[in-house]
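> here is the input, now give the coordinates:
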Amino acid sequence: MDKILRIKMGPQGAPSFVIEEIGKYAGLGGRALTSAIVAAEVPPTCHPLSEDNKLVIAPGLLSGSAASMSGRISVGCKSPLTGGIKEANAGGQGAQVLARMGYAAIVLEGKPKTEDLYKIFINKDGIQIDVDNSLKMKGNYDTVDQLKKQYGEKATYVTIGQAGEMKLGAASIAFTDVELRPTRHAGRGGVGAVMGSKGVKAIILDDSGMKMRSPKDPEKFKAANKIFVEGLRKHPVTGQGLPAYGTNVLTNVLNEAGGFPTYNFKEGRFPGASRISGEALAETEKARGGDPTHGCHRGCVIRCSGIYMDKDGQYLTKQPEYETVWSHGGNCGIDDLDAIAMMDRLDDDYGLDTIEMGATIGVAMEAGLAKFGDAAAAINLVKEVGKGSPLGRILGSGAGITGKVFGVERVPVVKNQAMPAYDPRAVQGIGVTYATTTQGADHTAGYAVTANILGVGGTVNPLKPEGQIELSRNLQIATAAIDSTGMCLFIAFAILDQPETFNALVDMINAFYGLNMTGDDVAELGKKILRMERDFNQRAGFTQKDDRLPDYFKKEIFPPHNVVFEVTDEELDKVYNF
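Numbers count the residues shown, from 1 in each chain. As a prediction, the model looks like this:
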């Protein structure tokens, strides 16, 4: 991974490319690399859909190796949704394949002057960029099916759906999984719209003939990887809960804790939670011949994904994630797993962030476009986006825009990005993360649910402001570093509770690169990333007033605990006092 592939979509004549040495970005991967390139090369005040923005796709430092759980890929740009820096993270096969091909990053630059759509094919022999307007306004599933006929079953496909072509704020980028289904999405922040603005419909990666990346010290690497895997398998979350029930194991947990946002963040418990829980989901999948335990990429040992079949036993979608079940389910008052799975399928096909779309439909229901609990109406609202109707373009632009268009005050966004599946009043640590992360409201940026709800990495009372700043700060630092390794964020459960598992991760990095990093060095990497991102946002015009939750979270009492968000603005401003 010593090369950067820059693809210039806007020069005179046809698009062109250049392969560079990694140079000043050496030693960076994943989020560290995407944020470094965006911070250094993208004008902070540029329009996100302009030729000045860049889309950076980067595997992690350990991707393409034998390191377990190292298949996450980072996508970075200036976000069309938030107006700030963005890193969206995805599973699937993209990270492993791109890393094995020797690329630390693909950077899409410029903008074509025509309305042509391009596909980019990359293999060991080189790069080919072709116009393919036959793919226009196709969904991700049809796009991949068409491309497979030309490029085969061994390639990995990176595509956008209709939402990306329409350059909508909720547009995602799809990465194919091990079955070559476009189910793993870099979802948040409108990264798909930036890919669409570059005129790129698909990137095809074929690593045939390329070897797995080798560590500098194979024996130490192998030993560390073994300890790391053992730690994941013996932890109750990564070794039992997630494999058995997927991320949706959290529905019953958060509902019981009173932190499951229902009816557009009005209440913390949903009467229908048991019908859409991880336990109910796994039972349904088994009964229909699906699979509740499945890896989204090769080398995954947690295997928290799954396969969801329809009532006729035909494949419908991947196992919906907890955030998807919440957003299209409890948040909209819907307790029908088949309806939720259908919306997940549509989101993946159109190329939409399920969190943003579910939150948007909740806002639309509050505006009276549909009734809470009306699953058929919710499905039709998602379909409007795929049609590209005026209503669909509004909804596909996200919860913030939808709230403004329809005059809704209660819109759960920070920096214009929708909040995920944890109410900040009942899980106050996640509220700190929502408010202060550089990414817009994002649970993965500093997953305080660990100590607030799950008792992982210690315990902090979720209903009180005390201790939440330190919790969120430390998790944001750690997360930025993990996002740079290519490791799945779910390893955090084990490394927070098991010092030996964290040490094994550091040992793997050291053995792979011939380094002598310590845990403190890992923390410094996380801090460096956050400083870069925060500096970009400040240069883009963000101030402390953007690190705030909507006022109603401080005023509206949230049942069942009847609490408000109590962390003060003065405390929020201390998060970045490293």
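> low-confidence ranges in the stretch 401-550 of the chain?
In the prediction, the stretch 401-550 of the chain carries no residues with pLDDT under 70.
> enumerate every residue touching Asn53.
42, 46-47, 77-78, 194, 197 (CB atoms under 8 Å, 6 or more residues apart in numbering). For the C-beta atoms, the positions are set from N, CA and C on the backbone; glycine is no exception.
> so which of the residues you listed belong to strands?
Among the contacts of Asn53, the members found in strands (DSSP state E) are 77-78.
> and the helices in the stretch 401-550 of the chain?
Residue ranges of the helices in the stretch 401-550 of the chain, as given by DSSP state H, counting those that start in this stretch, are 428-436, 449, 468-485, 491-497, 499-513, 519-539.
> and the stretch 151-300 of the chain, by the same measure?
Per DSSP H, counting those that start in this stretch, the stretch 151-300 of the chain carries helices over the ranges 162-165, 191-197, 218-234, 236, 242-245, 250-257, 278-287.
> note down every partner strand of the lowest-mean-pLDDT helix or strand in the chain and its orientation.
The weakest-scoring helix or strand in the chain, judged by mean pLDDT, DSSP states H and E, is strand 291-294 (a mean of 81). Within its sheet, and counting by DSSP bridges, strand 291-294 is paired with strand 305-309 (antiparallel).
> so Ile73 is in contact with Ala58, correct?
Yes - with contact defined as CB atoms under 8 Å, Ile73 counts as touching Ala58 (7.0 Å).
> now do the least confident helix or strand of the chain: distance to the chain's middle.
Computed by CA atoms, centre = their mean, to the nearest Å, the chain-centroid distance of strand 291-294 equals 20 Å.
> let me see the residues that make contact with it.
Residues contacting strand 291-294 (CB under 8 Å, 6+ apart): 243-246, 281-282, 285-286, 303, 305-307, 318-319.
> which one of those has the most neighbours?
Highest neighbour count within these, by other CB atoms under 10 Å: Gln319, with 29 neighbours.
> tell me the most buried of the helices of the stretch 401-550 of the chain?
Highest mean neighbour count among the helices of the stretch 401-550 of the chain (mean count of other CB atoms under 10 Å): helix 428-436, with a mean of 29.
> next secondary structure after that one?
Counting by DSSP states H and E, the next helix or strand C-terminal to helix 428-436 is helix 449.
> mind saving the C-alpha coords of stretch 213-222 as CSV?
What follows is stretch 213-222, C-alpha atoms only, in CSV (Å, rounded to 0.1, in the frame of the first residue of the first chain):
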residue,chain,number,x,y,z
ARG,A,213,0.0,-8.4,2.2
SER,A,214,2.9,-9.8,4.3
PRO,A,215,4.0,-8.5,7.7
LYS,A,216,7.6,-7.6,8.5
ASP,A,217,7.6,-10.1,11.3
PRO,A,218,5.3,-13.0,10.4
GLU,A,219,5.7,-15.0,13.6
LYS,A,220,5.0,-12.0,16.0
PHE,A,221,2.1,-11.0,13.7
LYS,A,222,0.6,-14.5,13.8
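> what's the average pLDDT for that stretch?
When pLDDT is averaged over stretch 213-222, the result is 96.
> circling back: just put the contacts of Asn53 in JSON lines and tack on neighbour count, pLDDT and distance to Met137.
Output for those, formatted as JSON lines (neighbours: other CB atoms under 10 Å; pLDDT from 0 to 100; distance: CB to CB, whole Å):
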{"residue": "Val42", "neighbour count": "23", "pLDDT": "98", "distance to Met137": "28"}
{"residue": "Cys46", "neighbour count": "14", "pLDDT": "98", "distance to Met137": "27"}
{"residue": "His47", "neighbour count": "13", "pLDDT": "98", "distance to Met137": "23"}
{"residue": "Cys77", "neighbour count": "29", "pLDDT": "98", "distance to Met137": "22"}
{"residue": "Lys78", "neighbour count": "29", "pLDDT": "98", "distance to Met137": "25"}
{"residue": "Val194", "neighbour count": "30", "pLDDT": "98", "distance to Met137": "18"}
{"residue": "Ser197", "neighbour count": "25", "pLDDT": "98", "distance to Met137": "16"}
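> and the spatially most central residue of the chain, what are its phi and psi?
The chain has Asn89 as the residue nearest its centroid, 4.1 Å off, counting by CA atoms, centre = their mean. Asn89 adopts backbone torsions of phi -120, psi 140, taken as degrees, to the nearest 10.
> mind checking pLDDT for it?
What the model reports for Asn89 is a pLDDT of 96.
> how does the protein divide into domains?
Following automatic domain parsing, the chain resolves into domains at 3-205, 246-422.
> first-to-last residue distance for the longest one?
The reference is to domain 3-205. From its first residue to its last, domain 3-205 covers 15 Å (CA to CA, to the nearest Å).
> swap in stretch 115-128?
End-to-end distance of stretch 115-128 (CA to CA): 19 Å.
> re the thing from before, make CSV out of the helices of the stretch 401-550 of the chain and add distance to Thr262.
Listed next are the helices of the stretch 401-550 of the chain as CSV, based on distance: least, CB to CB, whole Å:
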stretch, distance to Thr262
helix 428-436, 16
helix 449, 17
helix 468-485, 23
helix 491-497, 26
helix 499-513, 35
helix 519-539, 32
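> out of these, which gets nearest to Gly29?
Within the helices of the stretch 401-550 of the chain, the stretch nearest Gly29 is helix 468-485; the backing value is 5.4 Å (CB to CB).
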